[in-house]
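Student: Give me a model of this one.
(2 chains)
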Amino acid sequence: MSRTHAVTLIQDESATDDCLNPGRLARLVRLARLARRPGVGANPGGWTPAVSGGLFTTRWISERHVLVRFDDADERSILRAWRAVGAAGFAELLEAVPGHDSVLLAFEAHRLGPMRESDVNNLCRRVMQVVRDAMDDPIGEPSLPPRLVHIPTCSCVLCAIDLPEVSVLTGLSQERVMTLFRDSMYVVRYIGFSPGFPYLSGLCGNLHLPRLAQPRPSVPPGSVAIAADQAGIYPTSTPGGWRLVGRTPVSLFEASSASPCLLVPGDVVRFTPIDHDRFEMLARGDA
Amino acid sequence: MATLHVVDPGLFSTVQDAGRAGWSWAGVPVGGAADPLSIRIGNAMVGNPPGLPAIETTLNGGAFAFDSTRVVAVTGAASEVSVTRSDGTTFVIAMYKPVLLEPGSTIRVGRALRGCRAYVCVGGGLAVPRVMGSSSTHAGARFGGHEGRPLRAGDRIGLCGDEPGSCIDPSHGVEGLVHEAILRRMVRVVLAPAEDGFDLAGFVAPRRWVVSARSDRMGIRLSGEALAAPFEGRMPSQGMMWGAVQVPPGGEPMVLLCDHPTTGGYPVIGCVIAADLPAIGQWRPGEAVNFVSISVDQARRALRDQSRRFFPAAGQGHAPPGRGAAEP
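Tutor: Numbers count the residues shown, from 1 in each chain, chains lettered A, B, ... in the order given. Here you go, the predicted structure:
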């Protein structure tokens, strides 16, 4: 699998319904990768800025970690807070990790050690202020419209291993399941589990099913999967308990690439259909 | 180019350094040496700047041969270390003491007598490409280090530079001080706010948890009398941290190590303090361990004291070499 496919494939998809032509979108996606910052491209749906300031708490959960937890799991607030904290330039900050209803901040422990207790407490207050400002300032949002990333997906019998069972459990035909799956626009809420694995919100309510009772010891790389109200993509072959409804030839994680992770929290994802011949061809790299 | 030849990789040996901070948002944990104190001390002894890659062995050591003159120091788990020269003579050397090896020498790290992971630090460092800002091996995702995998017999790893490195003898008694820091079976934790309803007192009571054999660089599973969980199932996923104590539904805690998944949905009841991360990296299966609760202020002071003890000149702890990619 090759990263170049992501760009090529977007150009190939004539079904794009956004205002940008596919070639320009592909170029923007590539530029965004290079710049490694969220927010180049276009979202046909258009995110309206969040109105509510959102209620949240900010506190030290260890001597070196601050957890910003939101009372409701509104993804726009969480992602906006994540971006704002990352952009705020805290010298001591090592990591900022968005979660379902939180943003975890890891600070360099050895830089906190020599600080006075009041300064450390002040650091937490500064984080709170940055998050509050981000919540109160929807003006900043339009400068960072989410990117739209197309993930070409094959859902043949070989790739969508769990599609028959999903069909039975939901009482929908296989075609209907795939139509509902593809019609949704997904948002990358956070990345975890394994390098590059995106947790996507936006799965159609008719497709909400529990995880498999017995996880598979090994899931094929590129598998597109659903569980509960989320969708995800397995970048590499790992154990996994989600139901497989397709497979993409696009490489989601390449450690040696200048921008190793294809998706960034906040990206909008659509799954576009390809047949198995096309999947094989793209997976081989002769697109 | 001068090389290190892997004669015997032991159970699980990998190239590690100070890790790749800044990529947790992308699902990539910081990784690096599971005992960040020992690798830093070893690098200092051979004249390397902090953060150069070294070999991390697991439980039963390994053997590594050199085709050039090099300064080597072994730190970490208490092990018997010997050198076999090209003429076949073998002699035992002390850990925590740099030694100048002649070309054709093989250094063998024996079974760990106490602790779990030993570090073979080489003057000049290992010539391993940096991936995402670090040479550390992420064995699960198969990248970094030497070809993204644990070392095998026959592997050859280039060595940086033509100089053998410098023998920087540590101050007297450093081995005892390091062991005091890294071979602790009672480690200090900062407990989560009690509102989640877990039996936090039970967790830190002078009870014994036993390190399970199903432990690795991702995390340590503890077995013992299960903690009463106030609720079943999972929490909303949140970012996870090195040292986090998670409680899965079975009630037996898991302590996350450096290769931990970056998000998780099990309740977190506390976090091992930074000064004791080296110690949990040295826990071995079958060992009885326990926890003691301290305040965040005490935790910060503990790291500050540890840094001053081992790196008085630097005035800093075992920090990663760079800030990594500051995403977002």
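
Student: rest of the way, CA atoms for contacts and neighbours
Tutor: Noted.

Student: where in the chain is pLDDT low?
Tutor: I'll assume chain A. By pLDDT under 70, the weakly predicted segments of chain A are A:1-54, A:138-144, A:286-287.

Student: nope, chain B
Tutor: Looking at chain B by pLDDT under 70, you get B:194-196, B:229-234, B:314-328.

Student: biggest helix in it, by residue count?
Tutor: helix B:296-310 (DSSP state H).

Student: could I have that one exported to CSV, CA atoms only?
Tutor: Coordinates of each C-alpha in helix B:296-310 appear next as CSV, following Å, rounded to 0.1, in the frame of the first residue of the first chain:
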residue,chain,number,x,y,z
VAL,B,296,1.5,15.9,43.2
ASP,B,297,3.8,18.2,45.1
GLN,B,298,5.8,15.3,46.6
ALA,B,299,5.9,13.7,43.2
ARG,B,300,7.5,16.7,41.6
ARG,B,301,10.0,17.0,44.4
ALA,B,302,10.9,13.3,44.0
LEU,B,303,11.8,13.8,40.4
ARG,B,304,13.8,16.9,41.2
ASP,B,305,15.7,15.1,43.9
GLN,B,306,16.4,12.2,41.6
SER,B,307,17.6,14.5,38.8
ARG,B,308,20.0,16.4,41.2
ARG,B,309,21.4,13.1,42.5
PHE,B,310,22.3,11.6,39.1
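
Student: Which residues are in contact with residue 274?
Tutor: I went with chain A, as the question did not name one. Residues in contact with residue A:274 (CA atoms under 8 Å, 6 or more residues apart in numbering or on different chains) are A:152-155.

Student: wrong one, I was asking about chain B
Tutor: For residue B:274, the contacting residues are A:64, A:109, B:243, B:299, B:303, by CA under 8 Å, 6+ apart.

Student: Those residues: which two are farthest apart?
Tutor: With distances taken as CA to CA, the most widely separated pair in the contacts of residue B:274 is B:243 and B:303, at 14.2 Å.

Student: where exactly do the strands run in chain A?
Tutor: Taking DSSP state E as the criterion, chain A carries its strands at A:56-60, A:65-70, A:93-98, A:102-107, A:148-154, A:186-191, A:198-201, A:216-219, A:223-227, A:230-233, A:238-240, A:243-247, A:268-274.

Student: Apologies, that question was intended for the stretch 151-300 of chain B.
Tutor: Ranges of strands in the stretch 151-300 of chain B, per DSSP state E, counting those that start in this stretch, are B:156-158, B:186-191, B:209-211, B:219-223, B:238-239, B:244-246, B:254-256, B:263-264, B:268-272, B:288-293.

Student: by how many degrees do the last one and strand B:186-191 diverge?
Tutor: Strand B:288-293 and strand B:186-191 meet at an angle of 40 degrees, taking axes from the mean of the first three to the mean of the last three CA atoms, to 10 degrees as the criterion.

Student: What helices and strands are in contact with strand B:288-293?
Tutor: Counting by 3 or more CA pairs under 8 Å, 6 or more residues apart in numbering or on different chains; DSSP states H and E, the packing neighbours recorded for strand B:288-293 are strand B:186-191, helix B:200-204, strand B:209-211.

Student: do the fourth one as well
Tutor: Other elements packing on strand B:219-223 under the criterion 3+ CA pairs under 8 Å, 6+ apart are strand B:209-211, strand B:254-256.

Student: Adjacent strands (with direction) for the first one?
Tutor: When sheet partners are counted by DSSP bridges, strand B:209-211 sits next to strand B:219-223 (antiparallel), strand B:288-293 (antiparallel).

Student: Deepest in the core, which of those strands is it.
Tutor: Of all the strands paired with strand B:209-211, strand B:219-223 has the most neighbours on average by mean count of other CA atoms under 10 Å in any protein chain shown, namely a mean of 23.

Student: hmm, back to that, with distance to chain B and neighbour count added, can I get the contacts of residue A:274 in CSV?
Tutor: Compiled in CSV, these are given as follows (distance: CA to the nearest CA, whole Å; neighbours: other CA atoms under 10 Å in any protein chain shown):
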residue, distance to chain B, neighbour count
A:152, 21, 26
A:153, 22, 27
A:154, 24, 26
A:155, 25, 24
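
Student: Tell me which two in those are the farthest apart.
Tutor: A:152 and A:155 (9.9 Å).

Student: so what sits against both of the two?
Tutor: Shared contacts of residue A:152 and residue A:155, defined by CA under 8 Å, 6+ apart, comprise A:273-274.

Student: Can you spell out the domain ranges of chain A, please?
Tutor: Per automatic domain parsing, the structural domains of chain A span A:3-13+A:146-283, A:35-136.

Student: whoops, chain B was the one
Tutor: What automatic domain parsing lists as the domains of chain B is B:3-178, B:186-310.

Student: want to try a markdown table for those domains, with distance to residue A:209 as columns?
Tutor: Below are the domains of chain B laid out as a markdown table (distance: least, CA to CA, whole Å):
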| stretch | distance to residue A:209 |
| --- | --- |
| domain B:3-178 | 25 |
| domain B:186-310 | 16 |
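
Student: between those, which one is nearest to residue A:103?
Tutor: Of all the domains of chain B, domain B:186-310 sits nearest to residue A:103, with 7.0 Å by CA to CA.

Student: that older thread, among the helices and strands packed on strand B:219-223, which is the most enclosed?
Tutor: Of those, strand B:254-256 is the most buried (mean count of other CA under 10 Å), at a mean of 25.
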